[in-house]
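Participant: Need coordinates for the following:
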Amino acid sequence: MKLGSQTLPNFGSVTNPYASVGVDLTYIPEFKESLEDKATFFFKITFTDWERKKGQTKPENQRASFFAGRYAAKEALIKALDGYRLFQKPDLNVNYSEIEIRNDDYGRPYFRFYGNFETYLNNLKPNSIRLSISHTGDYAFSEVLLIF
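Facilitator: Residues are numbered from 1 along each chain as shown. Now for the predicted structure:
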């Protein structure tokens, strides 16, 4: 692959990529402010019903962190999906509420998908999607690895 006069290594192609990574960092106090704003539609359009209900079961001082981590995970997934399309126009309009993050019985996060987003991923056929979410201080961080 060439970028101007520079040759870049080819780690897969648009038709046959093998891995893509996405990361995101969110500022938890912004989510705390949004939770306090009763007029905001942010949570309704960004999180599934299940995520919003689960967030409400958290102690009040943990809710912003819960939502910030999940938002970071959704952003990281979108970046990983777009990462292998370098130099191409995006091919997906994302509805965040079609992406859901749950935890297994041991606390490990995983994705569930719905609607157009589920159809898009089914057509893309990734072999594996790995997700990690971390929190420290005022920040939530997420990393997603897609393997094709």
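
Participant: need the contact list for the most centrally placed residue in the chain.
Facilitator: Centroid check for the chain by Cα atoms, centre = their mean gives residue 74 as the closest residue, at 1.8 Å. Residue 74 sits next to 46, 96, 99, 101 when contact means Cβ atoms under 8 Å, 6 or more residues apart in numbering. (Each C-beta comes from the backbone N, C-alpha and C, glycine too.)

Participant: could you redo the last one with a cut-off of 7 Å?
Facilitator: Going by Cβ atoms under 7 Å, 6 or more residues apart in numbering, residue 74 touches 96, 99.

Participant: Show me which positions of stretch 21-40 end up buried.
Facilitator: Using 16 or more other Cβ atoms under 10 Å as the test for burial, stretch 21-40 gives 22, 24, 26, 28, 31-32, 35.

Participant: Relative to residue 124, which of those is nearest.
Facilitator: Within those, proximity to residue 124 (Cβ to Cβ) peaks at residue 22, which comes in at 14.0 Å.
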